[in-house]
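Asker: what would the 3D arrangement of this be:
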Amino acid sequence: MESHNVNNSLSLDMEKDQEKTFDYSKRAQWLRAAVLGANDGLVSTASLMMGVGAVKKDAKTMILSGFAGLVAGACSMAIGEFVSVYSQYDIEVAQMKRERGGEIEKEKLPSPMQAAAASALAFSIGAIVPLLAAAFVKDYQVRIGVIVAAVTLALVMFGWLGAVLGKAPVVKSSARVLIGGWLAMAVTFGLTKLIGTHGIS
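Answerer: Model (predicted):
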């Protein structure tokens with residue numbers, strides 16, 4: 001009898017440990033997704049602003065293009081996440097109905113609205129970095145330099161966070177994120193400059 005109680009106690013402890021591990025794993029996945037969303041907002045908005053800045057040097061045009069990129073990107077991310085998570089929601093509801101005879105545990109289901117809001121917020125946090133960097137600088141050359149510096153710092157930070165949450169090598173991960181961001185800005189700037197100078201009369 002005593003042995004049976006000990007076994008039950010061990011089983012309960014193991015179940016609790018598994019629940020904790022799963023909970024931490026789930027949180028880490030959410031945080032990593034948020035970091036990736038922020039990185040997406042940072043790179044796409046900065047690249048858009050650099051591209052527009054290649055042919056239009058005034059601050060107002062660059063900032064308006066960046067703001068439009070922020071709004072469009074956040075909406076796109078939110079809608080995409082909402083549709084994706086709602087599909088997952090429908091699948092899990094159908095599975096619960098099959099396995100539990102119609103009983104649905106709502107607390108275990110994903111929230112499409114929360115996922116959409118989190119995705120839009122993460123994108124916006126990243127996108128605001130180049131906008132703030134450009135907002136208070138009138139000189140064109142200095143503005144470009146400030147944007148690149150601010151984006152570089154943010155890329156390193158996001159790369160480090162993503163590596164820590166994904167348990168990947170920090171230096172390699174940060175370097176990949178940084179080089180990828182630089183490349184995106186450089187390609188967008190260069191191609192827009194080329195088309196703006198020679199391609200459109």
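Asker: could you report the neighbour count for residue 113?
Answerer: 12 (other CB atoms under 10 Å). Yep, even glycine has a C-beta here, placed from its N, CA and C like the rest.
Asker: now residue 95
Answerer: Residue 95: 10 neighbours (other CB under 10 Å).
Asker: which stretches of the chain have low pLDDT?
Answerer: 1-29, 102, 199-201 (pLDDT under 70).
Asker: element containing the residue nearest to the spatial centre of it, please.
Answerer: The residue lying closest to the centre of the chain (CA atoms, centre = their mean) is residue 37, at 0.8 Å. In the assignment (DSSP states H and E), residue 37 maps to helix 2-55.
Asker: residue 189 now?
Answerer: Using DSSP H and E, the element containing residue 189 is helix 170-194.
Asker: residue 86 against residue 112, yeah?
Answerer: Yes: in this structure, residue 86 is within contact of residue 112 by CB atoms under 8 Å, at 4.3 Å.
Asker: quick check: closest non-adjacent residue to residue 32.
Answerer: residue 165 (4.3 Å; CB to CB, 6 or more residues apart in numbering).
Asker: list the buried ones in stretch 89-101?
Answerer: Counting neighbours by 16 or more other CB atoms under 10 Å, one finds that the buried residues in stretch 89-101 are residue 96.
Asker: now what about that stretch, what contacts it?
Answerer: Residues from elsewhere that reach stretch 89-101 (CB atoms under 8 Å, 6 or more residues apart in numbering): 103-105, 108-110, 112.
Asker: go on, stretch 119-136?
Answerer: So stretch 119-136 is contacted by 33-46, 49, 59, 62-63, 66-67, 69-70, 73-75, 77-78, 80-81, 143, 146-147, 149-151, 154, 158 (CB under 8 Å, 6+ apart).
Asker: give me the buried subset of the residues you listed.
Answerer: 33-46, 49, 59, 62-63, 66, 69-70, 73-74, 77-78, 81, 143, 146-147, 150-151, 154, 158.
Asker: assign residue 110 to helix, strand or coil.
Answerer: coil (DSSP: H, G, I helix; E, B strand; the rest coil).
Asker: pretty sure it contacts residue 85?
Answerer: Yes: using CB under 8 Å, residue 110 makes contact with residue 85 at a distance of 5.1 Å.
Asker: looking at these two, which has the bigger crowd around it?
Answerer: Each of residue 110 and residue 85 has its neighbours counted (other CB under 10 Å); residue 85 has more, 20 against 12.
Asker: next, the more buried one: secondary structure please.
Answerer: helix.
Asker: that one and residue 116 touch, don't they?
Answerer: Yes: with contact defined as CB under 8 Å, residue 85 reaches residue 116; the gap is 7.4 Å.
Asker: got the contact list for stretch 56-64?
Answerer: 49, 52-53, 131, 134-135, 137-138, 140, 143.
Asker: now with 7 Å, please.
Answerer: Stretch 56-64 is contacted from outside by 49, 52-53, 131, 134-135, 138, 140, 143, using CB atoms under 7 Å, 6 or more residues apart in numbering.
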